[in-house]
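Participant: One predicted model, sequence on top.
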Amino acid sequence: MENQLKELFGAWIQAIGTVTAAVGSTPSLNENTQQSLNLWGNVLQGTGNAIIADAQEGFTLEKLGNEVQAIGNTTVVAGILLNISEENKLKLDINGNLLQAVGGGIALPEDLLDEPSTIRTLNIAGNVLQIIGNSLQAFGGAEELRSLRKKNEDRFKGYRESNESKVISSSESLSINGSWIQAVGSVISAISQTKESIEELN
């Protein structure tokens with residue numbers, strides 16, 4: 001029962017983290033607020049994933065998946081905190097989001113093989129949405145990285161910035177949508193975990 005409650009706590013910490021990071025992707029906020037919300041959102045996500053992994057005894061794919069997701073969140077946090085170039089920050093962000101997507105993919109087969117139920121359906125839906133969300137964020141980061149490299153090349157060659165705003169707008173859109181899709185997925189997963197805990201208690 002203690003592990004069940006720990007897993008429930010971790011699921012909601014993760015959900016709060018993804019929502020916090022999604023709010024941080026809002027373009028109307030100033031850059032410092034965005035960065036702060038993104039940082040704390042990923043710290044909470046990583047903490048939640050680590051708690052869920054710790055609550056599971058023995059080796060399971062779900063445990064491994066949560067550990068990989070926690071590493072992904074830590075990679076994103078490193079990209080925010082480290083005093084490195086913008087390009088390297090973007091690379092860490094992309095890799096962190098890809099690791100989270102891979103972690104979700106690793107955990108998915110266990111739910112697919114379990115007996116069909118409302119809880120399993122919610123779990124699968126939540127996990128799939130998180131995988132899609134992280135993948136979109138990684139793709140948005142890759143677009144932004146491509147744009148940054150193009151801008152640096154143009155500067156080096158002495159060209160004027162031309163199509164930059166259009167490309168950044170596209171990458172931002174992918175990242176924002178990805179953040180909110182991931183947030184919805186993590187809340188669905190937390191609701192699923194809550195239902196499972198209530199069933200265990202009864």
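Facilitator: Thanks, I have the structure now.

Participant: Name the nearest residue to the residue positioned nearest the centre of the chain, sequence neighbours excluded.
Facilitator: Closest to where the C-alpha atoms of the chain average out (Cα atoms, centre = their mean) is residue 134, at 5.1 Å. Ranked by Cβ to Cβ, 6 or more residues apart in numbering and with sequence neighbours excluded, the top spatial neighbour of residue 134 is residue 101, at 3.9 Å. Every C-beta, even on glycine, is put in place using the N, C-alpha and C of the backbone.

Participant: Any figure for the gap between that neighbour and residue 184?
Facilitator: From residue 101 over to residue 184 the distance is 15 Å, taken as Cβ to Cβ, to the nearest Å.

Participant: Who has more neighbours out of those two?
Facilitator: Legend: neighbour count by other Cβ atoms under 10 Å for residue 101 and residue 184, higher for residue 101 (24 against 20).

Participant: Following the host helix or strand of that one in sequence, what is the next regular element?
Facilitator: Per DSSP states H and E: residue 101 is located in helix 86-113. Next helix or strand after helix 86-113 toward the C-terminus (DSSP H and E): helix 118-157.

Participant: Give me the buried positions along that following helix.
Facilitator: By neighbour count on 16 or more other Cβ atoms under 10 Å, the buried set for helix 118-157 is 119-120, 122-145, 147-148, 150-151.

Participant: do stretch 53-60 as well
Facilitator: Residues of stretch 53-60 classed as buried: 53-56 (neighbour count, 16+ other Cβ under 10 Å).

Participant: Stretch 74-92 too?
Facilitator: Applying 16+ other Cβ under 10 Å to stretch 74-92 flags 74-80, 89-92 as buried.

Participant: Which two of those residues have the greatest separation?
Facilitator: 74 and 90 (16.6 Å; Cβ to Cβ).

Participant: other SSEs contacting the worst-scoring helix or strand of the chain on mean pLDDT?
Facilitator: Within the chain, no helix or strand scores below helix 164-201, which has a mean of 85 by mean pLDDT, DSSP states H and E. Applying 3 or more Cβ pairs under 8 Å, 6 or more residues apart in numbering; DSSP states H and E, one finds that helix 164-201 contacts helix 2-24, helix 118-157.

Participant: Cheers, nothing more for now.
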